[in-house]
Each structure stands twice: as C-alpha cells, then as structure tokens.
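A.B. asks: sequence first, then the predicted structure, then my questions.
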Amino acid sequence: MDDITGLAALARRYWGKRDTKLILPTNSSLSVTLDQDHLRSTTTSRCDPSFEKDRLWLNGKEEEIKPGGRLAVCIEELRRLRKEVEKKADEPKISDLHLHICSYNNFPTAAGLASSASGFAALVSSVAALYKLPATPSQLSLISRQGSGSACRSLFGGFVAWEMGEKSDGTDSFAVEVAPQDHWPEMHALICVVSDDKKGTSSTSGMQRTVETSALLQHRIKHVVPQRMADIKKAILAKDFDTFAKITMQDSNQFHAVALDTDPPIFYMNDVSRSIIALIVELNRASVAAGGKIKAAYTYDAGPNAVIYAPEGNLKEIINLVVTYFPQADAFKDPFKMFAAGQEEPGKLPLPAGFNEAVAKKFDVGSVKGLIHTRVGDGPRVLGDSEALLDASGMPKTLA
Ligand SMILES: Nc1ncnc2c1ncn2[C@@H]1O[C@H](COP(=O)(O)OP(=O)(O)OP(=O)(O)O)[C@@H](O)[C@H]1O
Ligand SMILES: C[C@@](O)(CCOP(=O)(O)OP(=O)(O)O)CC(=O)O
C-alpha cells in the first residue's frame, strides 16, 4: 500500500486537442506546480485478492469507473507496466488484483482550479508507487496525460513544460521539468476564489468547440505559442519576473479571447475577475511610472478564479489591495506571516503611492469568497501509513 499527496498546478494554456482519445494537445504549454501545503489531492491506492472490482472514491463519494474511460485507461496502462516488472523480476503478481483508490481534494473540484490535473497526477503517482514502477516522472506523465491533459505537468514540482510532440501515438507528448521548485522559491501566488461552483462549460468540451470553430486558435497555435514557450522558459531560467509576468498575462488574455471566439462563445471570467485584472494592471502601471518594475501577474483558467503570481516581497501589498476592494468575510489566513499579528490588518493599510483608486469599484463582502496564499511547490510526495485514506479492509476510512 502506498499513499501519495498530489498537487495543484495552474498553467500556461493548454486549450485544444489534436487527438481526443489519446489527449494530444494542439500546442505545448507550461505550468507552475503549487505548494501541497496549501492545495493538494491526497490519494491512497491498494490492491488485494479480496477486492471484487476496481473502485474509486473521490471526496467521500464513489465514482463510476467507466470501461474504456479515462480513469480505466490510466489503470490499464499502469497494470501493463506492472506486468513488465513482474516478468523481469521476482515480484508478486499483483497486477491481476483489483484496485481500490480513495482520494480527497482540499480545494474545489471541477471549478476551474485544475482539480483534474492534481487528481490524476496523484492517482498515477500513487498506483505507480504501489506497483513499484521504475518509471521517471516524464514516463508517468504519458499516463496521467490520458486521464486529463493538464495532469501530465503535475507529475513534477517547480516549473513544468508539456511538450506537445508530433507523433500520432502520443509517445513524444509528455512533461519535462523546466526548473525545480528551489530554483525560484520566491515565486508566490495568491488565489482569489471567485466561485467554487462546478463550472458551466467543462474544459474538455469547451476546448473541442474552440478547436472546431475558432480561427483565432489556429493563429495562436501557429504564430504565438511557440515563441512564447521559448521566451517564458528563458524568463524562468533567468528568474526574470518582468518577462514571466508579461507572457503570463498575455497568454491568459489570449486564452479567454479564443474562448470568446468559440461558437457559441464561452465566458469564463466575470465582472469580479475583470476588476481584479484592473487592479493588477494599475498596480503595475503605478510601479513602472515611478521607475519600478512589474509587481504582479494575473492569470485565469477555465473559470472566474484569479491566480496572481508575484515575488514574495510584493505579496503583502497585493493582499492588502485585493482585500481593500474585495472585503473578506473571514480573517485572512496568513500562512507566511505577512502582516504583524494584532497590529496590521489586510484591507486597512494604505494603497501604494500613485495608485488610482478609481480603476475599480469596491465590491461587497463575498464577491471574492476566499484568498489562498501559496507558492511554487514540489512534486508528488509519499505519505506515511497514518495518513492512509483506506482502512485495513480497503474501504474509505470515513465511510467505514
Ligand atoms: N483527486 C482526484 N482523483 C481522481 N480524479 C479526480 C480527482 N479530482 C478531480 N478528478 C477528476 O477530474 C474531474 C474534474 O475535472 P475538470 O476538468 O472538470 O475540472 P478542473 O480540473 O477542476 O478544472 P480545470 O482543469 O478546467 O482547471 C472530476 O470530475 C474527476 O473526474
Ligand atoms: C484551462 C486549462 O486548465 C485547461 C485544462 O484542461 P483539462 O486538462 O482539464 O482538459 P482535459 O485534457 O480534457 O481533461 C489550461 C491548462 O491547464 O493549461
């Protein structure tokens, strides 16, 4: 038995497949894996002769494993690799046994916060560890890719590229590390949870509609992404936040433009999302006008929730700014102790010099439901037995 914590990653734009079965993308993409101390999928997998079929429990509820579906494909691939291990070494024949898998996400599922990325990466890592597969994260990413495209990048910590590949069998479409977590640990992120509802248009169906109907997507694939991929990798290696931020914001804008260019159009951002953009744009403008640098970058996945990237030193100012415009019902959990306890309160400190307060209106409490301060994180972790989610009989502990 093995227990693994997976992770959440937020990404630089994979949107479109050239093969929907194998999950092969129309363009390469890049993501930053976020810290599991704050956002994670925890998965336990186990196999036993007493199990009658493969079963999965997600957030306490049993999910159907559809034959030939994405999850079944991932399990099948992992079994195939285990069989190879069993053929070569004197290892117990556990590949014939059924699996029980139990997973929890500590953040909203299917709400545009990359739960499928974190979840499938954790699942593949967990079963691979149970099966003692001698596979590299890149090799495992070939499998998690078939669970959910974005999941291939989440097998690594740090800064990760998914190279789209060219082959029709998908064997060259996998993730590679661009830089590990400790290359740029000062890269922090503030997640603004605008909505934790299940989103209206899933990424899977939304991106296919875009592929079928958007002319702008074709321009993006051919003429925009290749240069941006090269530039953002260079920026990460040079720890050049200015360039990283510009590309991140441009790419988020273009992703939402291709969503809008889809027929019928897809809107993932709302008024709150757009006001957060206005705040970050103004923060950067005021800083550059005063001879400073870009302070923060916003990015939005397939939903209204913002992720604001910034060097750690800028986070206090950014949190204060966001809370000023989006007052919070609950006190800000301050995991990095940015604010002096009992003396400073987010939303009550002065705004940066030169900041034009009229760029956005001040919203009511609850417009941004919550704020999560996190940072670049590591890859999958193996946890101890005490954190196992399945009991001795292989049933979820909370349901037993
Ligand atoms: N921990 C998990 N273990 C296994 N599968 C998971 C897990 N978490 C999520 N999933 C799968 O991913 C699905 C949600 O994926 P979906 O793409 O709709 O949303 P999302 O990943 O949160 O959003 P996005 O990818 O657009 O940011 C779930 O319905 C489930 O099938
Ligand atoms: C907006 C995105 O988060 C899209 C994620 O799409 P999914 O990986 O969820 O889609 P499927 O491959 O169909 O499962 C951008 C990204 O992760 O790069």
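C.D. replies: Thanks, I have it. Ligands and ions are numbered 1, 2, ... in the order given.

A.B. asks: C-terminal to the helix or strand of the chain with the lowest mean pLDDT, what's the next element?
C.D. replies: Across the helices and strands of the chain, mean pLDDT, DSSP states H and E gives its lowest value to strand 9-12, namely a mean of 42. Following strand 9-12 in sequence order, the next helix or strand is strand 17-19 (DSSP states H and E).

A.B. asks: now do the buried residues in that following strand.
C.D. replies: By 16 or more other C-beta atoms under 10 Å, the buried positions in strand 17-19 come out as 17-18. Backbone N, C-alpha and C define where each C-beta goes, glycine included.

A.B. asks: hmm, who's touching that strand?
C.D. replies: 23-26, 149, 168, 170, 207-208, 211 (C-beta atoms under 8 Å, 6 or more residues apart in numbering).

A.B. asks: same for the very next helix or strand once past it, what does it pack against?
C.D. replies: Scanning forward in sequence from strand 17-19 by DSSP H and E, the next helix or strand is strand 24-25. Helices and strands touching strand 24-25, by 3 or more C-beta pairs under 8 Å, 6 or more residues apart in numbering; DSSP states H and E, are strand 17-19.

A.B. asks: flag every residue of the stretch 301-400 of the chain that's near ligand 2.
C.D. replies: Within the stretch 301-400 of the chain, the positions near ligand 2 by C-beta under 6 Å from any ligand atom are 301-302.

A.B. asks: next one: residue 196, what pLDDT does it get?
C.D. replies: pLDDT recorded at residue 196 is 82.

A.B. asks: can you count the residues close to it?
C.D. replies: Residues lying near residue 196 (other C-beta atoms under 10 Å) number 16.

A.B. asks: next, count neighbours for the closest residue to it other than its chain neighbours.
C.D. replies: Nearest non-adjacent residue to residue 196, counting by C-beta to C-beta, 6 or more residues apart in numbering: residue 108, 3.7 Å away. For residue 108, the neighbour count with other C-beta under 10 Å is 20.

A.B. asks: repeat that for residue 339.
C.D. replies: The number of residues packed near residue 339 is 17, by other C-beta under 10 Å.

A.B. asks: quick one: the closest residue to it other than its chain neighbours from residue 368, how far?
C.D. replies: Excluding the flanking residues, the one nearest residue 339 by C-beta to C-beta, 6+ apart is residue 346, at 6.0 Å. As judged by C-beta to C-beta, to the nearest Å, residue 346 and residue 368 stand 12 Å apart.

A.B. asks: mutual contacts of these two, please.
C.D. replies: The contact sets of residue 346 and residue 368 overlap at residue 328 (C-beta under 8 Å, 6+ apart).

A.B. asks: and those two? Which one has more around it.
C.D. replies: For residue 346 versus residue 368, the count of surrounding residues by other C-beta under 10 Å is larger for residue 368: 26 against 21.

A.B. asks: which ones are touching the closest residue to ligand 1 within the stretch 1-150 of the chain?
C.D. replies: Nearest residue of the stretch 1-150 of the chain to ligand 1: residue 119, at 2.1 Å (C-beta to the nearest ligand atom). Going by C-beta under 8 Å, 6+ apart, residue 119 touches 6, 41, 43, 58, 103, 105, 109, 147-148, 151.

A.B. asks: buried members of the contacts of strand 17-19 into ChimeraX, please.
C.D. replies: To isolate the buried members of the contacts of strand 17-19 in ChimeraX, using 16+ other C-beta under 10 Å:
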select :23,24,25,26,149,170,207,211
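
A.B. asks: give me the subset of the contacts of strand 17-19 touching ligand 1.
C.D. replies: Subset of the contacts of strand 17-19 in contact with ligand 1: empty, counting by C-beta under 6 Å from any ligand atom.

A.B. asks: for the contacts of strand 17-19, which two are the farthest from each other?
C.D. replies: 168 and 207 (19.1 Å; C-beta to C-beta).

A.B. asks: tell me which of the contacts of strand 17-19 is nearest to residue 161?
C.D. replies: Using C-beta to C-beta, residue 25 comes nearest to residue 161 of these, at 11.6 Å.

A.B. asks: wouldn't that closest one be in contact with residue 173 here?
C.D. replies: Yes. Using C-beta atoms under 8 Å, residue 25 is in contact with residue 173, at 7.0 Å.

A.B. asks: any residues in contact with both of the two?
C.D. replies: 162, 164.

A.B. asks: next, residue 233: secondary structure please.
C.D. replies: Local secondary structure at residue 233 is given as helix here, using DSSP: H, G, I helix; E, B strand; the rest coil.

A.B. asks: that one reaches residue 28, doesn't it?
C.D. replies: No. Counting by C-beta under 8 Å, residue 233 does not reach residue 28; the two are 9.9 Å apart.

A.B. asks: could you find the closest non-adjacent residue to residue 176?
C.D. replies: Nearest non-adjacent residue to residue 176 (C-beta to C-beta, 6+ apart): residue 161, at 5.5 Å.

A.B. asks: check residue 77 too.
C.D. replies: The shortest distance from residue 77 to any non-neighbouring residue, by C-beta to C-beta, 6+ apart, is to residue 143 (4.6 Å).

A.B. asks: quick check: that neighbour vs residue 131, distance?
C.D. replies: Computed as C-beta to C-beta, the residue 143 to residue 131 distance reads 11 Å.
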